[in-house]
Structure formats: C-alpha cells, structure tokens
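Colleague: pasting the sequence and the predicted model now:
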Amino acid sequence: MSGFKAKFNVDWPGFTLDVDLDLPERGVTALFGPSGSGKTTLLRCIAGLERVKQGYLSFKGEVWQDETTWLPTHQRPLGYVFQEASLFSHLSVLGNLRYGLKRTLDTRKPALDQAVELLGIGHLLDRKPDRLSGGERQRVGIARALAVNPRILLMDEPLAALDLKRKQEILPYLERLHDELDIPVLYVSHSPDEVARLADHIIVMDEGKVLAHGPLVETMARLDLPIRLGEDAGVVLDAIVAERDEIWHLARVEFAGGSLWTRDHNLAVGHRVRVRIQASDVSLATQPQEHSSILNLLSGCVDAISDDEHPGLALVRVRVGESKLIARLTKRSVTALAIVPGLPIWVQVKSVALME
Amino acid sequence: MLSDGDLQAIWLTLRLAGIVTLILLLIGTPIAWWLARTRAWWKGPVGAVVALPLVLPPSVLGFYLLLAMGPNGPVGAFTQSLGIGTLPFTFWGLVVASVFYSLPFMVQPLQTAFEAVGDRPLEVAATLRASPVDAFFTVAVPLALPGFLSASILTFAHTVGEFGVVLMIGGNIPGQTRVASVQIYDHVEGLEYMQAHQLSAVMLVFSFLVLLALYAWRPSPKRGG
C-alpha cells in the first residue's frame, strides 16, 4: 500500500475546509493561497494539531485518521516547522535538537549530524535560543524537525516571520533540503518567489477549497485557472545555465524548447535553475523584430487564448518547443494581429527572473 | 528573648506553611493547568470558587469548614468512619483549612504562568514525539518555573500570616494549633507586650524578607522566538 491521501470536511463558524487530495509522495509540494485560504489549517489537520471529525488521512499505507482512528500528533512520523521557530527557550540549541531525537524509536544519530550539517548550525550548538538571530533560530527549528528522522516534513511559512535579508540567508538551505531530502515536503507559502524557487508541485487554495493542483510547471501554464503567483500571471520553467558572457555580464539558460539571456548571477555553466516569466513581460509579433532592445526572441506557436481579469486584456499561451509561455496582450492587439490558436508567432521576452 | 512557647509556635507555623505549600503544589498545579487551557463554560465558576478565599472573611470560611469537619458534617462523618476522629482542633485540621484558605495564592500565579507558556511550545513538543504528559513535565513546567517559585513563596507566606481560620478551626492548643499569629494574640491578651513585640518583630522581618525575595528576584521573561 502506498499513497498519501488527505480528505477533510469541516465547518467552523466563518470558515469551511473542504479538501480531497492525493498528495505527491516525493518532492516539495507548495500549498499556495492568500491568507485565510485554509492552507495552514490543512497542514495542521495533517499534523494532527487540529482535530477534525470529518476526515480521512493515510500516509504510505498507514491510516492516521478515519472514522475510528485518530493518531495523536506525537505518534505521527512527521517533522513540523512553525512560522516562528518556537525553540524551547529553556534548552540550548543542542538540547532543542536532541529533544525529539530522544523520543524517536528510530535513533539513528546520523539524522542529527546530517541536519546540523545541512543547516550549517554546527557552531551554534551550545547557545541558548535568545542568543540567536531570527534566521539562525529558524535554521535550528528546521534542523530540529529533521533530527527526528521524519517520513514527511511539514513547513508552515518558515520564512514569513523573517525580513528579506534573513530570507535570502535561509533560502539556499531550503534549496539544499530540496536537493538532498528523499522525503516529501509540504510547504505552506503565500510568497510567489518561494513557490517558484522551491516547489515541484503546487496546490492552489482559496476559501478552504482546492482550486488546482499538479506539477508546478504544468499548473502554472494553465489558462483556465486564476492562478496568480503574486500580482501577475506567468509561467515557471526548469532550465540549465548553458553559457556565460563575461563581457556583458549575461548568462544564457536553456529550457526545453529554447534559450533565454538573463543577467549573470555568477552561476556555473551546467547549474540547474528555475526561471519565472511574467505574462506582462512577454509580447508577441507576427514578424521577427529587428532593431529591438529586447534580447530574447523565440519562435513559437499560439496554443490557447483566454480572457484576463480586465475586459480589455487577454492571456495568450504560446508553445515554444516543449514549453509554454503566457503573454498578456490587449484584445485589440489580438484582433489586429489576427492571433488564433495554431498561428506561428514570434515571442519577445523582456525580463526573466532567475532563481537558483 | 523568645520564650520556648514562642519558638514552639514559630516551628509549628513553619511546619504548617511548609506542608500546606507542598500539598497545594500537588493540588493546585492540575487545577491551574486546567484553568489555563480549558475552553469549557464552567471555567468561570471554577475560577470564582478558587478565588473565593481572597474576598471571604476568614471567619466565614473557618465557620463552614468547622461545620463540615465537625462530628455532624460530611467530612467529619468520613474521618470518623476511617477511625481518625474529627479534624477540628488538631494540626491536620489546620492543614486542611489552610489548603482551602491559601488555594488562590497557589493557583492564580500558576495559571498566569501556564497561560504565558501558551499552546505553541506544547504543539512543538507533540511534533517532536512527546506525549502530553511528557510535554507537561519537560516543556510546560520548566517554562513556568518562575511561576512555580512565586506561587510557592506567596502560598507559604500567606499561610504563615493566617489568623482567623486558625482560631475557628484550630483553637489555641500549644504545640498543636498555636501558631505564631495566635501566640502574639495571646501575648497581647495577657498584656505581655514585650513578648508580643519580639514575636511581632520576627514576623515583620520574615514577611519583609519573603516579599523582598519575591520582588527582587524577577527573571526577565525570555521566550524562544
């Protein structure tokens, strides 16, 4: 038996949670949505911190909750990272890390060493939590959750309480987790950047319901859903650094279907990256444009057209090789250029956001 | 100097306050824990009952306890059926009465301390495989330790200072129920002002030192962020 199923149906005063999900068993799954959409509540239900009568939860063949079963949190093999690190202030960093370890039947010490190494906190072990910076505290919080050797890691907006600088400090560690952990991670976030950088799958929630879920790249390219990572519609592509132009400080990244020039981020050739391209940074032309300041010109084929939020605007999805890009155009332009599905088209990409 | 009677009274007072503090640590902790964490509607009524000794005249409390523990009261019937007679006018009767009388002084500081700990550390403990009982002793108690200390000091000091309840329940039996406050009353009644002065001064200094310890030792609240 395998599978990771979560089904919850609750009515609280003023809030309803109604989800029925088959969750991915590997990789990072982002639970994405505005605040109040129920993503943290869903995470707490999965952890058993919130007790919901109407629910079913099974993880890799073990039933954690059904009509007759309810496994308390401390018996679920999970790790949980809270928004604020919530370290035990009466214990040292090492005491915090050992707290869960001592209570785990599976006491492989390497889990602790690995967590300490992964989060780079070896030099902090003797300190008390009040002697740590916000970023260090959260790193200890993550290591503490990993030290119990969980079979799934639940993270509730681990960066939300930190300022931009601290976020930048922690993100590389989260990316290492992504690369090195072989357990599934559920990552609650309302930050488009974090989701685009870290997630393999996405579950989009609003008002206690799931609007969409699936692999990140595919789900982002859907036109029929109002998925907005932040202000704007856009897509995310997996790519590899293919070339660096040191004279102009540019890097060329290759994705399935083409390549794009972007600012050089000092990443070595061969480095895997994510790029995010917002619909407003993409324009379309029926002729290749010369004498343009825009470096990135791709050849593609119109795939689908849909209305945007504003009545004057449309979203046009273009297939470029195996990838899809979304462009925002005025409806007047759509008509003037006679854009219809199947039309070969030139795609100009003005700006590419690169994420390591 | 203090007479043998005075020393006996002081020793009895300290013994009473010590025993009452220990008993209240055992009884008061679960009550405070429950009050701090429950959302039941009868949290209010229970809290009010616990706080009653704060406002009731000690003689009222003593009167009801006397009736309950007396030969015709429910507690008295029970203690008699156990073959230990009735509790009024014994040391243990005084202990029982003082437990009631000092209850809020233990429960309220503890309740405040537990409320300050909050849900989060216990949730964290649960995600780190700690059962609720385990989490209580390894997380809630250490984090609420300053609360335990001030609750114990307050309870001890308040029991040392009680008078009305002692008179109602204990009477004035040397070595049994004659605590320091009653001894002072006796001295004054007997116009032995010198002895009353000496014992009163001891009580005054003691009370001041206890409160000084309580106020001077204020650990700054440190929370793991």
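Modeller: Perfect, thanks for sending it.

Colleague: make it CA atoms for all contacts and neighbour counts henceforth
Modeller: Noted.

Colleague: where along chain B do the helices fall?
Modeller: B:4-37, B:43-55, B:58-69, B:74-81, B:91-117, B:120-127, B:132-135, B:141-143, B:145-160, B:164-170, B:180-189, B:193-216 (DSSP state H).

Colleague: and the third one, what's buried?
Modeller: Along helix B:58-69, these residues count as buried under the neighbour rule (16 or more other C-alpha atoms under 10 Å in any protein chain shown): B:58-59, B:61-63, B:65-69.

Colleague: so which elements touch that helix?
Modeller: Helix B:58-69 is packed against helix B:74-81, helix B:91-117, helix B:164-170, with contacts defined by 3 or more C-alpha pairs under 8 Å, 6 or more residues apart in numbering or on different chains; DSSP states H and E.

Colleague: try 10 Å
Modeller: helix B:43-55, helix B:74-81, helix B:91-117, helix B:164-170 (3 or more C-alpha pairs under 10 Å, 6 or more residues apart in numbering or on different chains; DSSP states H and E).

Colleague: avg pLDDT for the longest one?
Modeller: Taken as a whole, helix B:91-117 has a mean pLDDT of 94.

Colleague: give me the angle between that helix and helix B:58-69.
Modeller: 120 degrees (axes from the mean of the first three to the mean of the last three C-alpha atoms, to 10 degrees).

Colleague: distance between helix B:91-117 and the chain's centre?
Modeller: How far helix B:91-117 lies from its chain's middle: 5 Å, per C-alpha atoms, centre = their mean, to the nearest Å.

Colleague: give me the low-pLDDT residue ranges for chain B?
Modeller: B:218-225 (pLDDT under 70).

Colleague: so which bits of it are right by chain A?
Modeller: B:120-132, B:134, B:138-140, B:142-143, B:145, B:221-225 (C-alpha under 10 Å from any C-alpha of the partner chain).

Colleague: quick revisit: make JSON lines from the helices and strands packed on helix B:58-69 and add distance to A:E290 and mean neighbour count to it.
Modeller: Output for those, formatted as JSON lines (distance: least, C-alpha to C-alpha, whole Å; neighbours: other C-alpha atoms under 10 Å in any protein chain shown):
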{"stretch": "helix B:43-55", "distance to A:E290": "77", "mean neighbour count": "14"}
{"stretch": "helix B:74-81", "distance to A:E290": "101", "mean neighbour count": "16"}
{"stretch": "helix B:91-117", "distance to A:E290": "66", "mean neighbour count": "23"}
{"stretch": "helix B:164-170", "distance to A:E290": "100", "mean neighbour count": "24"}
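
Colleague: tell me which of these sits nearest to A:R139.
Modeller: The closest of the helices and strands packed on helix B:58-69 to A:R139 is helix B:91-117. By C-alpha to C-alpha, the value is 22.3 Å.

Colleague: point me to the residue of the stretch 201-350 of chain A nearest chain B.
Modeller: A:G208 (22.7 Å; C-alpha to the nearest C-alpha).

Colleague: just to revisit the earlier point, which of the helices of chain B sits closest to A:H265?
Modeller: Ranking the helices of chain B by proximity to A:H265 (C-alpha to C-alpha) places helix B:120-127 first, at 38.0 Å.

Colleague: counting contacts, what elements does the closest one pack onto?
Modeller: Judged by 3+ C-alpha pairs under 10 Å, 6+ apart, helix B:120-127 is in contact with helix A:39-47, strand A:78-81, helix A:93-102, helix A:134-147, helix B:132-135.

Colleague: out of the ones you listed, which gets nearest to A:A251?
Modeller: Nearest to A:A251 among these is helix A:134-147 (30.3 Å), distances taken as C-alpha to C-alpha.

Colleague: which helix is the longest one in chain A?
Modeller: Chain A, longest helix under DSSP H: helix A:164-180.

Colleague: list the buried ones in it?
Modeller: Judged by neighbour count (16+ other C-alpha under 10 Å), helix A:164-180 contains these buried residues: A:166-167, A:170-171, A:173-174, A:177-178.

Colleague: contacts for it, please.
Modeller: A:27-28, A:115, A:118-120, A:133-136, A:138-139, A:142, A:146, A:158-163, A:183-185, A:194, A:197-200, A:356 (C-alpha atoms under 10 Å, 6 or more residues apart in numbering or on different chains).

Colleague: that older thread, can you select the buried ones among the residues of chain B next to chain A for me in PyMOL?
Modeller: Only the buried entries of the residues of chain B next to chain A go into this PyMOL selection, using 16+ other C-alpha under 10 Å:
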select buried, chain B and resi 121+122+123+124+125+126+127+128+129+130+131+132+138+139+140+142+143+224+225
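
Colleague: let me know the pLDDT of A:K109.
Modeller: So A:K109 comes in at 60 (pLDDT).

Colleague: cool, and A:I247?
Modeller: In this model, A:I247 carries a pLDDT of 91.

Colleague: measure it to A:V253 for me?
Modeller: To A:V253, A:I247 is 17 Å away according to C-alpha to C-alpha, to the nearest Å.

Colleague: hang on, the earlier thing: next structured bit after the longest helix of chain A?
Modeller: Later in the chain than helix A:164-180, the nearest helix or strand by DSSP states H and E is strand A:185-189.

Colleague: what's the following helix or strand after that following strand?
Modeller: helix A:192-198.

Colleague: run the chain-centre distance for that following helix.
Modeller: Using C-alpha atoms, centre = their mean, the offset of helix A:192-198 from its chain centre is 5 Å.

Colleague: neighbouring strands of the next helix or strand after that helix in the sheet, and parallel or not?
Modeller: Per DSSP H and E, the first helix or strand lying C-terminal to helix A:192-198 is strand A:201-206. Strand A:201-206 has these partner strands in its sheet, going by DSSP bridges: strand A:28-32 (parallel), strand A:209-215 (antiparallel).
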